[in-house]
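Undergrad: missing the sequence, but the structure's below:
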C-alpha cells in the first residue's frame, strides 16, 4: 500500500514538474501602444484553448527591458488566473526581423552578381591572352601582305579595345558591388547584435474546471521608446489666423516592431517620480574655506565640459501636401496629470531608433502681425506674428518650423514655461520696409569741461513703407546706462518714444500708410573723466 502511494506521489510530482518545465506557448499580438515622453506601454492580445486542470501558459519573445512591476494580465473566459511570473531567457535570442531577412536576401543577390562579373572578367582576360599569343602574321618563308597586315591590326585594335572597355566597366561594377556588400554586412552585424540579446518571458498560471476558450490582455511598460513634440507654424498672409500643426517625433528600440498598432501618445512620463518633495530643515553654519589647486580644478572642469556636450540632430523638413492627415483621426483627452492623443488609424514603428513623425492636432490661433526693427543692429525690418490663445491647448515645449506664404523660412521654439499670454514668432525680413539710422553730425559734439569730457550724440531714424497696405511697426533703440558714478548720462531728446529706465530701451510704435515715411530722433550726452575712453554709438 505504501509502495503504491509513493509511486502515485512520484508520478504526480513528475507530471507537475513536466508541466512547469514545458509550459504551453501562446502566440500574442501587439494591438495598442501608448507612447510616453519616456517609455511605452505595450498591450498584447492572445487567445488559446484550456484543458481542465492547471495550465502554465508561456508568452515568449518579449523585450528584455520590460519593467516587471508594470506587468498586468487580464482574462476573459471560465477560468482563474493563479499567478503571473516574469523571467529572462538567456538561451533564446529574438527572432529574425524583416529587416535582417531582407538584408540577408540582398546579400545573396549581390553576391551572385559579384560572382558573375568576376567570371566575365576572367573570360575577357583569357581572351586577351589568347589574342596576344596568336598575333603573328605570315610564316618564316612568306612575306606579309600589306592588306592582311592592315586587316589584322584593325582586328587586334578593335577587339583589344572592346575587351579593355568591358574589363574597366566590370571592375567599376565589382567595386560598387563590394561597397554595397560591405555596407549591408555592417548593418547586418549591428542588427544581429541586437537580435542576439536575451528575451523576456511571462508565465501565466491558470486553472479551469472544464475545457474552455481563454482570451488574454497582456500589458507592460518597456523602456527604449518615447516621443518629442515638434510643430509647423504656417501663416498664409497677414490677414489670416496662424495654423499650428502639432506633431510627434516617435522613436523606439525596444527589440520588437510595432506593426499596424493603434497608437496613443501621452504627455505623461512614468520614469519621473510622482512622490511629492519634502522640505527639510535648513541649518546655517559658517563657511569653511579650503585651498584649491586651480590648475587641477581647471583640468577637471574641462573634462566635465567635454562629457556634457550633446549633439542635436535636425530632421529634414517635410512640407504638407493637400491630402488627409492623421490629426484628422486623432482624439485628445485630458486627465488630471496628462493629456492623451489617441490615433484611430494603424501605424508601423520599427525597432530601429529612427524618428517617425506623427501628426497629432491642427489648431487655428489668433495672431497680430507687426513689423519690428532694431536699426542699431540690423537695417532690415522683420515681420512678427504675435500669437494668442496657445495656452489652452496643452502644448509642450518644442521646436517650430516656420512657414510664411507657403515658404519655409526657418526655425523657432515654443517655451510653455513662458508666463506671457503671447508667443512671438519672427516670420523673416521684408525688404519693402526701408529703415535707416544716420548720425547727425551737426548735433553731435565733444568738449572738455575741467577734468571731464562731455560727448553729445544724436541719431536720426527714418522708416518708409513701400508696401501697398498699412503696417504697424515697432522701432527699438536705446540710451546707455551708467554703471559707474564717474559716468553721467543725460537724455536730451526722444520724442514720442516709450522709455524704460531699467533697460534704457526706447520703443516707437508707428502706423504707416503706403509710401508714408516717418523720422525719429534721439539725442543724449555722456560726461566722464578725460583720461578714460568710452565707445558710444
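TA: Yes, it's here. Predicted, not measured: the structure shown is a model, and the values here were computed from it.
Undergrad: Which strands or helices does the helix or strand where residue 91 lies pack on?
TA: Using DSSP states H and E, residue 91 falls within strand 80-93. When contacts are defined as 3 or more CB pairs under 8 Å, 6 or more residues apart in numbering; DSSP states H and E, strand 80-93 packs onto strand 53-62, strand 66-76, strand 198-208. Where you see a C-beta, it was placed from the backbone N, CA and C, and this is true even at glycine.
Undergrad: Tell me what angle it forms with strand 198-208.
TA: 160 degrees (axes from the mean of the first three to the mean of the last three CA atoms, to 10 degrees).
Undergrad: mean confidence for strand 80-93?
TA: For strand 80-93, the per-residue pLDDT values average out at 84.
Undergrad: Let me see the contact set for the residue lying closest to residue 518 once chain neighbours are set aside.
TA: Closest residue in space to residue 518, ignoring its immediate chain neighbours: residue 463 at 5.3 Å, by CB to CB, 6 or more residues apart in numbering. By CB atoms under 8 Å, 6 or more residues apart in numbering, the contact set of residue 463 is 373, 381, 433-435, 473, 475, 510, 512, 517-520.
Undergrad: For residue 519, see how far away residue 463 is.
TA: 8 Å (CB to CB, to the nearest Å).
Undergrad: Just the buried ones among the contacts of residue 463, please.
TA: 373, 381, 433, 434, 435, 473, 475, 510, 512, 518, 520 (16 or more other CB atoms under 10 Å).
Undergrad: So which of those is the closest to residue 449?
TA: residue 520 (28.8 Å; CB to CB).
Undergrad: per-residue confidence at residue 34?
TA: Listed pLDDT for residue 34 reads 94.
Undergrad: residues near it, how many?
TA: Around residue 34 there are 21 other residues, counting by other CB atoms under 10 Å.
Undergrad: and the helix or strand hosting it, what does it pack onto?
TA: Per DSSP H and E: residue 34 is located in strand 28-35. Secondary-structure packing of strand 28-35 (3+ CB pairs under 8 Å, 6+ apart): strand 40-50, strand 225-235, strand 242-252, strand 258-266.
Undergrad: Only the buried residues of that strand, if you could.
TA: Neighbour counts over strand 28-35 (16+ other CB under 10 Å) mark 28, 30, 32, 33, 34, 35 as buried.
Undergrad: Just put those in CSV and tack on distance to residue 82.
TA: Below are the buried residues of strand 28-35 laid out as CSV (distance: CB to CB, whole Å):
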residue, distance to residue 82
28, 19
30, 25
32, 26
33, 28
34, 28
35, 32
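Undergrad: which among the residues you listed gets closest to residue 102?
TA: Minimum distance to residue 102 across the buried residues of strand 28-35 is 20.6 Å, recorded for residue 30 (CB to CB).
Undergrad: Report the distance from stretch 406-420 to the chain centre.
TA: 16 Å (CA atoms, centre = their mean, to the nearest Å).
Undergrad: With stretch 214-227 instead?
TA: Worked out by CA atoms, centre = their mean, stretch 214-227 lies 23 Å from the chain centre.
Undergrad: quick one: average confidence on that stretch?
TA: 93.
Undergrad: Next: stretch 440-458.
TA: The average pLDDT within stretch 440-458 is 90.
Undergrad: So what touches it?
TA: Applying CB under 8 Å, 6+ apart, the external contacts of stretch 440-458 come out as 439, 459-460, 492-493, 521-530, 534, 536-537.
Undergrad: Many thanks, have a good one.
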